[in-house]
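Participant: Sequence plus predicted model, see below.
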Amino acid sequence: MLLGFGLLYVGAVLFLNGLWLHGKIDDREIAVINVVSGFATLAVVIYWAFGPGADLGSVKAAALTLLFTATYFWVAYNRFADVDGRGLGWFSLFVAITTVPVVLGSLASMQSTLEIWMAINWVIWGALWFMYFLLLALKKDILGPTASFTVFAGVVTGWVPGYLILDGWL
């Protein structure tokens with residue numbers, strides 16, 4: 001259930017951040033969903049890392065989820081700070097590289113539909129974080145495609161599966 005909870009907020013924040021990148025939401029207003037999603041995923045991280053059933057697998061899941069949490073808080077911070085986003089861009093490269101062994105490990109051990117879907121999600125998230133690196137750190141002119149891919153990633157990797165998990169379908 002915590003996976004569905006976390007993914008629903010991943011979906012919301014990515015969907016809305018994509019709309020924001022398309023210019024549909026104000027800079028300061030987008031901070032709200034990033035802070036809310038940051039705290040929602042932080043709650044999941046804390047439970048997985050320090051809860052009663054914490055083990056190596058749950059701590060790994062917590063560490064990987066914290067990459068999302070840090071991203072959301074950083075986006076919110078950047079809406080009010082006088083920065084150009086390069087730091088977030090370089091962090092995004094770190095995360096994109098981190099997704100490579102996550103994907104390889106997921107592909108090697110997947111045994112269920114949910115595990116196959118999660119491996120695909122990590123590919124999408126890795127590509128998305130790499131696009132943020134190109135956009136923010138290297139200042140490549142890819143705002144439109146990045147915005148559209150962010151909306152897509154929000155719907156496909158978070159919103160829909162998060163709701164399906166919470167509703168008992170996955």
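Facilitator: Perfect, I can see it now. Numbering: from 1, shown residues only.

Participant: Find the residue at the geometric middle of this protein.
Facilitator: What sits nearest the mean C-alpha location of the chain, by Cα atoms, centre = their mean, is residue 68, with 4.3 Å.

Participant: Next one: the closest residue in space to it that isn't next to it in sequence relative to residue 22, how far apart?
Facilitator: Take residue 68 and drop its neighbours on the chain: the residue closest to it by Cβ to Cβ, 6 or more residues apart in numbering is residue 41, 5.3 Å away. Yep, even glycine has a C-beta here, placed from its N, CA and C like the rest. Computed as Cβ to Cβ, to the nearest Å, the residue 41 to residue 22 distance reads 23 Å.

Participant: Mind giving me the packing neighbours of the host helix or strand of residue 12?
Facilitator: Per DSSP states H and E: residue 12 is located in helix 2-21. Counting contacts by 3 or more Cβ pairs under 8 Å, 6 or more residues apart in numbering; DSSP states H and E, helix 2-21 is packed against helix 27-50, helix 56-78, helix 143-153, helix 160-166.

Participant: OK, contacts around residue 125?
Facilitator: Neighbouring residues of residue 125 by Cβ atoms under 8 Å, 6 or more residues apart in numbering: 99, 153, 157.

Participant: Ramachandran angles for residue 55?
Facilitator: Dihedral pair for residue 55: phi -150, psi -170, per degrees, to the nearest 10.

Participant: how many other residues sit next to it?
Facilitator: 9 (other Cβ atoms under 10 Å).

Participant: hmm, back to that, out of residue 41 and residue 22, which sits in the more crowded spot?
Facilitator: residue 41 (26 against 15).

Participant: Correct me if wrong: that one contacts residue 69.
Facilitator: Yes - between residue 41 and residue 69 there is a contact at 4.4 Å, judged by Cβ atoms under 8 Å.

Participant: quick one: secondary structure of the residue of the chain most remote from its centre?
Facilitator: The outermost residue of the chain relative to its centre, with distances by Cα atoms, centre = their mean, is residue 52 at 25.2 Å. Here residue 52 is coil, with the state taken from DSSP: H, G, I helix; E, B strand; the rest coil.
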